[in-house]
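Asker: Next come a sequence and a model predicted from it.
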Number of protein chains: 2
Amino acid sequence: MTRYERLADDIEAAVRRGVFAAGERIPSVRRASEQHGVSIKTVLHAYALLESRGVIESRPQSGFFVREAMRAPAGGAANATATGPANGASGAATKRRPSRPVPPAAAPVDVSRLVLSTLRTIGAQDAVPLGSPYPDPSLYPWRRINQYANAIARRHASWNLIDDLPPGNPELIRQIARRYAENGMPVDPEEIVVTVGATEAINLSLQAVAKPGDTVAVESPTYYAMLHAIERLGMRAIEVSTHPETGLDLEALERVLKRQKVAACMVMPNFQNPLGFCMPDERKQQLVALAAAHEMPVIENDVYQELYFGQTRPTSLKHFDTRGLVLHCASFSKSLSASYRIGWAMPGRYRAQVEKLKFLNTLTTPSVPQVALADYLRHDGYDRHLRRVRRFYRQQARLMRAAVQRFFPAGTRTSDPQGGYVLWVELPESVDSMRLYQAALARGITIGPGYMFSMRNDFHHYIRLNYSYPWTAQTEAALKTLGDLVAQMA
Amino acid sequence: MTRYERLADDIEAAVRRGVFAAGERIPSVRRASEQHGVSIKTVLHAYALLESRGVIESRPQSGFFVREAMRAPAGGAANATATGPANGASGAATKRRPSRPVPPAAAPVDVSRLVLSTLRTIGAQDAVPLGSPYPDPSLYPWRRINQYANAIARRHASWNLIDDLPPGNPELIRQIARRYAENGMPVDPEEIVVTVGATEAINLSLQAVAKPGDTVAVESPTYYAMLHAIERLGMRAIEVSTHPETGLDLEALERVLKRQKVAACMVMPNFQNPLGFCMPDERKQQLVALAAAHEMPVIENDVYQELYFGQTRPTSLKHFDTRGLVLHCASFSKSLSASYRIGWAMPGRYRAQVEKLKFLNTLTTPSVPQVALADYLRHDGYDRHLRRVRRFYRQQARLMRAAVQRFFPAGTRTSDPQGGYVLWVELPESVDSMRLYQAALARGITIGPGYMFSMRNDFHHYIRLNYSYPWTAQTEAALKTLGDLVAQMA
């Protein structure tokens, strides 16, 4: 099979799986060439072949679009027609849709649609939420934080929004800075900007350093919110291969930087989602030096920093940054409470821009959650809580790896997470994770299909599993079912 | 004085006031031509004159920049060196800035910087916050809502983020829809997307319908968050003159639509900030019809809908929209609590895009505030609370108008607000609102300078006053001081 035939097959498969919907635009020739690492000519050949097959059509001045007749047979991820518990799930998702006609979305590669529909199916009474990106909320001191919230509310007859305008509540900022200092990383409290979760911090950071049309380097596989941010702001992602134990391939990044202008790099050096590695200190230093040599801002997503399995908290890229080029983003969502939506950015030399963008994006972060978290951090057993969580996740990681090894067929490999609560599983190459996702959903089990973590097709036979939920007979049974499905598909 | 000399004077004055900071780029020739309604040639002449005066310099490939030596004598709005209470205010603002060097911002017209610095000075123990855009928080049932929040927290041992993913908490969405229905506007609950305040709703709506480089029509004067959204997304604002009693000049808008492509229109038909008018129903219908004829989406900011002085709630543009072209944005920030940051969008045919953008922007809106507001709306005296607020604001509007008429010199005129809590004041034309702002700040009084509400220089002699705070001898004294300052400057 020639290269362009293989590319055509990949795109056709994506259309049939619903990754690209009928009427939706597929990536431009230039973009596809970048994404798949093939020449413009190869893409043009592949697109011509797809046109002749009736899969896509070209529209003058607009690009290539999926033909209306090419709706995926099973309706794609959002419309799974499976029976059993999944029926309720997809039924709920369908019911939520507006009755009015909606024009086709403009986004070329719609990873976010896949992610959102996956989250919805998890929300709809999923028995075994292996596909969830969030930790089991029952492990977190939600009630304790709420008690602080209540105390604050009782102390004040009213609350003036103005007091917590960006950069954010001063006491919360002080507590965040103190926490870094205690972990051996002194930070300037005046650099911190409080945000609505790390999601907003990442979005604002990216917007502060790059503009539409710019190219941004990401890990491959990468945490999909990185791809979302790039997609949404009309930028181009260039995926750099990433080692499951040492992280971003710095030599590959350097080659990219020599070849083209890269506006920013987005990485997750600690317990990367989905791979779970911790980038060694010397690699972190090298990355920061490389960024400095190219005057390239680095957006560091460090949301798992507190969930390490080793003895001490790993260093952040920020720690090695003397030039103000690292925009460090983090949150309490993985360590204290996701539903409060408190994150922050330390954007180095881009601090003024990020603060202003925060003001423009959501005005300010809700007040009581900011103050309640500050009170919790000042008074309560954050370290004790974290020690318990770390111990638990470390043990759960072992259980999950063992279960995959026991139930999945030969040719399956897993990551070896050094922190966090997700496992990355490589299945035999013939297994399509989207088909597995749908088959599993029909049995009340969700998984994170590899397609979410890249715009290339490299991870079609990978899945991400969440091990934050207590291990039960049901978990065990779900993994056995998954293993059987994989064996049938292999 | 020729036209280009007048333009040069205006820009130089803006630089001296700190509207454009040293090293910052000023609007491109094309943009300045649009903003000021003059020819490209006039702008080129004006810029050449400013270069010869040493005010700006041109940089090849980059545009025109304020020269480093041109720092405003008093340091501009953010750095007022006034004595008295203002010293503490500007000192606090200065202290918050990062110590690292910050490259000049890219935004051509930085209305947001002026707004943010105004808000900061208000936050810093302002004695008389006439410049605040927010209602006096003491009038709102903050404690009651917090009691609901506490009850929710006690009922649940933990909270699963997934249940409130976009579009938002189902019960809150139901309560919002019910409220519209009770006011004679049946809406489809499935159209509602919960956001972090109306600010996020407006940002996402604009991003759903227009792209960087597009032109967006706004009222003039307009609520500055509209300008912020346009500025931030790299779009161009075209300001359409707006009548203080009937709102947007539809004939002027139609002329613009005939002349050029307009991607969207952003309006505030009910109790516009700063003018306070309520657009008559037939004008609302005409605007919706005009939008339909041009297939132009309309972003309707309706945050003051509940704060009417008349007998019934005014209609929304949305009410007349049969084509799904109106993206209706609102929040509870003006009617229940601003610090909870709960807003929503009803984006018509753009609903799917807005929901997706919400997911990408901040993932989800904090859970407890959503549920607490839903509980309050279901059980408590929202209507009783609103009747009290409306009566109070109506009376306050009368007091504020009377005080301005008494204390301000001849040539001063005020708006006649039909709802909301702000008064728009036209001063004698020789009075510069930015100079007045700084002089007032030195006496512990804030105002909203007219510059915030337009990118043109049309409102340099206008100010906005907040009348939501209870009327006291101090308020009276502040208005007398303001009136004296205006008289000195007139």
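Answerer: That came in fine, so what should we check first? Numbering: from 1, shown residues only, chains lettered A, B, ... in the order given.

Asker: and residue A:281, how far is that from residue A:275?
Answerer: Between residue A:281 and residue A:275 the distance, using Cβ to Cβ, to the nearest Å, works out to 18 Å. C-beta coordinates here come from the backbone N, C-alpha and C atoms, glycine included.

Asker: Looking at the two, which one has more neighbours?
Answerer: Neighbours around residue A:281 and residue A:275, counted as other Cβ atoms under 10 Å in any protein chain shown, are more numerous at residue A:275. The numbers are 28 against 13.

Asker: what's the offset of stretch A:179-191 from the middle of its chain?
Answerer: When C-alpha coordinates are averaged (Cα atoms, centre = their mean, to the nearest Å), stretch A:179-191 and its chain have centres 25 Å apart.

Asker: now stretch A:294-301
Answerer: Mean C-alpha position of stretch A:294-301 versus that of the full chain (Cα atoms, centre = their mean) differs by 18 Å.

Asker: Mind listing what's buried along it?
Answerer: Neighbour-count burial for stretch A:294-301 flags A:294, A:296-301 (criterion: 16 or more other Cβ atoms under 10 Å in any protein chain shown).

Asker: Go through those and flag which are in strands.
Answerer: Using DSSP state E, the members of the buried residues of stretch A:294-301 that fall within strands are A:298-301.

Asker: Report back the residue of chain A that's furthest from centre.
Answerer: The centre of chain A is farthest from one residue, residue A:157, which by Cα atoms, centre = their mean lies 39.7 Å away.

Asker: For the ones in strands among the buried residues of stretch A:294-301, which two are the farthest from each other?
Answerer: The most widely separated members of those are A:298 and A:301, with 10.3 Å between them, by Cβ to Cβ.

Asker: what is in contact with these two at once?
Answerer: With contacts defined as Cβ atoms under 8 Å, 6 or more residues apart in numbering or on different chains, the residues adjacent to both residue A:298 and residue A:301 are A:266-267.

Asker: Contacts only, for residue A:4.
Answerer: Here residue A:4 is in contact with A:38, A:42-43, A:45-46, A:49 (criterion: Cβ under 8 Å, 6+ apart).

Asker: hmm, 6 Å instead?
Answerer: A:42, A:45-46 (Cβ atoms under 6 Å, 6 or more residues apart in numbering or on different chains).

Asker: now the residue farthest from the centre of chain A, what's its secondary structure?
Answerer: Reducing the assignment at residue A:157 to three states with DSSP: H, G, I helix; E, B strand; the rest coil gives coil.

Asker: Over to the one 10 residues further on?
Answerer: State at residue A:167, reduced to three classes by three-state DSSP: coil.

Asker: cool, residue A:238 as well?
Answerer: Using three-state DSSP as the criterion, the local structure at residue A:238 reads strand.

Asker: Tell me what it is bridged to.
Answerer: The partner list for residue A:238 in beta bridges (DSSP bridges) reads residue A:217.

Asker: May I see the buried residues of stretch A:282-292?
Answerer: Along stretch A:282-292, the positions that meet the burial threshold by neighbour count (16+ other Cβ under 10 Å) are A:283-288, A:290-292.

Asker: Same list (those residues) but as TSV, adding distance to residue A:460, secondary structure and pLDDT.
Answerer: What follows is those, written out as TSV (distance: Cβ to Cβ, whole Å; DSSP: H, G, I helix; E, B strand; the rest coil; pLDDT from 0 to 100):
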residue	distance to residue A:460	secondary structure	pLDDT
A:283	28	helix	98
A:284	30	helix	98
A:285	34	helix	98
A:286	31	helix	98
A:287	28	helix	98
A:288	33	helix	98
A:290	30	helix	98
A:291	31	helix	98
A:292	36	helix	97
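
Asker: nearest to chain B, of these?
Answerer: Here the nearest of the buried residues of stretch A:282-292 to chain B, counting by Cβ to the nearest Cβ, is residue A:292; it sits at 14.4 Å.

Asker: what's near enough to touch that closest one?
Answerer: residue A:323 are the contacts of residue A:292 under Cβ under 6 Å, 6+ apart.

Asker: Would you mind checking which of the ones in strands among the buried residues of stretch A:294-301 is nearest to residue A:212?
Answerer: Closest to residue A:212, out of all of those and judged by Cβ to Cβ, is residue A:299, at 16.6 Å.

Asker: out of the contacts of residue A:4, who's near chain B?
Answerer: Applying Cβ under 6 Å from any Cβ of the partner chain, the subset of those adjacent to chain B is empty.

Asker: What strand or helix carries residue A:396?
Answerer: Element membership of residue A:396, judged by DSSP states H and E, is helix A:382-407.

Asker: Tell me if that helix is near chain B.
Answerer: No. Where contact is defined by Cβ under 6 Å from any Cβ, no part of helix A:382-407 touches chain B; the two come within 13.4 Å at best.

Asker: could you give me the average pLDDT of the helix or strand following that helix?
Answerer: Stepping forward along the backbone from helix A:382-407, the first helix or strand reached (DSSP H and E) is strand A:413-414. Strand A:413-414 shows a mean pLDDT of 97.

Asker: end-to-end on stretch A:271-279?
Answerer: With Cα to Cα, to the nearest Å applied, stretch A:271-279 spans 8 Å between its terminal residues.

Asker: from the stretch 1-150 of chain A, which residue is nearest to chain B?
Answerer: Here the residue of the stretch 1-150 of chain A nearest chain B is residue A:146; by Cβ to the nearest Cβ that distance is 3.4 Å.

Asker: Skipping adjacent residues, who's closest to that residue in space?
Answerer: Nearest non-adjacent residue to residue A:146, counting by Cβ to Cβ, 6 or more residues apart in numbering or on different chains: residue B:153, 3.4 Å away.
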